[in-house]
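Chemist: Quick one: sequence and predicted model below, then my questions.
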Amino acid sequence: MSSQLAMTTMVVVEFLLSAVLAFVFWKKALHRRFPAMGTYLALRVASTPVLSFLLLGQTGRLIASAQFERSSAQAYFFVYWVVYITSAVILYFVCLEVFRSALASLPGLLKFGLVIFRWAVLVSVIVTLSTLSFANRGFLLLPDIGIALMRSVSLLELCLLAFLCLCMNALRLSVLDKAFGISLGLGVMSANDFIFASLTARLETLTAPLQFVYESVILLSLGTWVAYCALPEPVRKPMTMPVNSTIYRWNEIASALGHTGTQVATQQPANSFFLTDVEKVVDKVLNRSLKKRQSEL
């Protein structure tokens, strides 16, 4: 089997795996829990036949016409980079869905974390766009924008995967949880992109073998997603923890930082530590809530 035929076979297998993944994803009604992920899979499946048709058109395998080949090449360039940029934007919302699902049992930390999450993304996008070279004009600017955005999203995916791996025990998150599975696949793909881009820039003579390794990792990631979607997910039990638990304390502190309904005026020594003051405010709010519930009972 020639290398070209082998690569074509792997591309066909990638499309079939994406189609199976999208089918299982909708069959399990996971698009209701992760709508952005469902949109990403739909875009991936729908765009592949279109791009393949345009790619064949520009090589002259469909119609032997110079004008048709030129039009197909222009259409392929535009469609490819529009899909690429759209995928980068959708993947940001996928990361947001995974983050919300992982911290669903800790609403205080979730609300506080979403604020930091959005600001980090905003700063990353501003820095990315500010480093672009606007020497190209018109449609030629699309590749620069797409690569810059995808690089930022890839870093976000790797940070999200690292966060889930480090905090799985504290969050009571199972390895078989769908949120962790999505993050795992995205993280592997992002690492694959970074490693491939780094090696191909240095080892130009090994571009063809590296391309096979790159495609194999993509197939592995898609297969992992299919397995996560097909396997039953363990029921996530309600998180129970002692009152003196660190994560419980920080969850209450994060909730109190966004609480505007109660104002507490206290007089503290000048050398009082800030976190101690916040914890005392949280204790007072909790005591009032407990007294209110007891009076209602």
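Modeler: Right, received. Where do you want to start?
Chemist: What strand or helix carries Cys159?
Modeler: According to DSSP states H and E, Cys159 maps onto helix 142-171.
Chemist: Give me the distance from that helix to the chain's centre.
Modeler: Centroid displacement of helix 142-171 relative to its chain, using C-alpha atoms, centre = their mean, to the nearest Å, is 6 Å.
Chemist: What residues of the next helix or strand along the chain from that helix count as buried?
Modeler: The helix or strand immediately downstream of helix 142-171 is helix 178-202, counting by DSSP H and E. Buried residues in helix 178-202, counted by 16 or more other C-beta atoms under 10 Å: 178-193, 196. Using the backbone N, CA and C atoms, a C-beta is placed for each residue, glycine as well.
Chemist: Name the residues that touch helix 178-202?
Modeler: Contacts to helix 178-202, defined as C-beta atoms under 8 Å, 6 or more residues apart in numbering, come from residues 30, 33-34, 37, 91, 94-95, 97-98, 101-102, 150, 154-155, 157-158, 160-162, 164, 168, 173-174, 206-207, 210, 213-214, 217-218, 220-222, 224-225, 227-229, 233.
Chemist: Which parts of the protein are helices?
Modeler: For the chain, the helices defined by DSSP state H occupy 3-27, 35-58, 66-102, 107-130, 142-171, 178-202, 207-230, 246-257, 274-296.
Chemist: need those helices in JSON lines with mean pLDDT, can you?
Modeler: Formatted as JSON lines, those follow (pLDDT from 0 to 100):
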{"stretch": "helix 3-27", "mean pLDDT": "88"}
{"stretch": "helix 35-58", "mean pLDDT": "89"}
{"stretch": "helix 66-102", "mean pLDDT": "88"}
{"stretch": "helix 107-130", "mean pLDDT": "79"}
{"stretch": "helix 142-171", "mean pLDDT": "87"}
{"stretch": "helix 178-202", "mean pLDDT": "87"}
{"stretch": "helix 207-230", "mean pLDDT": "88"}
{"stretch": "helix 246-257", "mean pLDDT": "62"}
{"stretch": "helix 274-296", "mean pLDDT": "58"}
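Chemist: if we can go back for a sec, what's the angle between the helix holding Cys159 and helix 107-130?
Modeler: Following axes from the mean of the first three to the mean of the last three C-alpha atoms, to 10 degrees, one obtains 160 degrees for the angle between helix 142-171 and helix 107-130.
Chemist: Counting by contacts, list what helix 142-171 packs against.
Modeler: In this structure, helix 142-171 makes packing contacts with helix 66-102, helix 107-130, helix 178-202, judged by 3 or more C-beta pairs under 8 Å, 6 or more residues apart in numbering; DSSP states H and E.
Chemist: and Ala42, which of these is closest to it?
Modeler: Ala42 lies closest, by C-beta to C-beta, to one member of those: helix 66-102, at 9.7 Å.
Chemist: Can you give the distance from that closest one to the centre of its chain?
Modeler: Put simply, helix 66-102 sits 15 Å off its chain's centre (C-alpha atoms, centre = their mean).
Chemist: In it, which residues are buried?
Modeler: Within helix 66-102, the residues that count as buried by 16+ other C-beta under 10 Å are 69, 72, 75-77, 80-81, 83-88, 90-92, 94-99, 101-102.
Chemist: One more: stretch 33-46?
Modeler: 34, 36-42, 44-45.
Chemist: Show me which of those is closest to Pro143.
Modeler: Distances from Pro143 to these, taken by C-beta to C-beta, are shortest for Arg44, at 19.3 Å.
Chemist: does the closest one really touch Ser87, like I thought?
Modeler: Yes - at 7.4 Å, Arg44 counts as touching Ser87 under the criterion of C-beta atoms under 8 Å.
Chemist: any shared contact partners between these two?
Modeler: Common neighbours of Arg44 and Ser87, using C-beta under 8 Å, 6+ apart, do not exist here.
Chemist: Show me which of the buried residues of stretch 33-46 is closest to Leu114.
Modeler: Out of the buried residues of stretch 33-46, the member with the shortest distance to Leu114 (by C-beta to C-beta) is Ala36, at 14.6 Å.
Chemist: Could you find the closest non-adjacent residue to that closest one?
Modeler: Leaving out its chain neighbours, the residue that sits closest to Ala36 by C-beta to C-beta, 6 or more residues apart in numbering is Phe93, at 3.8 Å.
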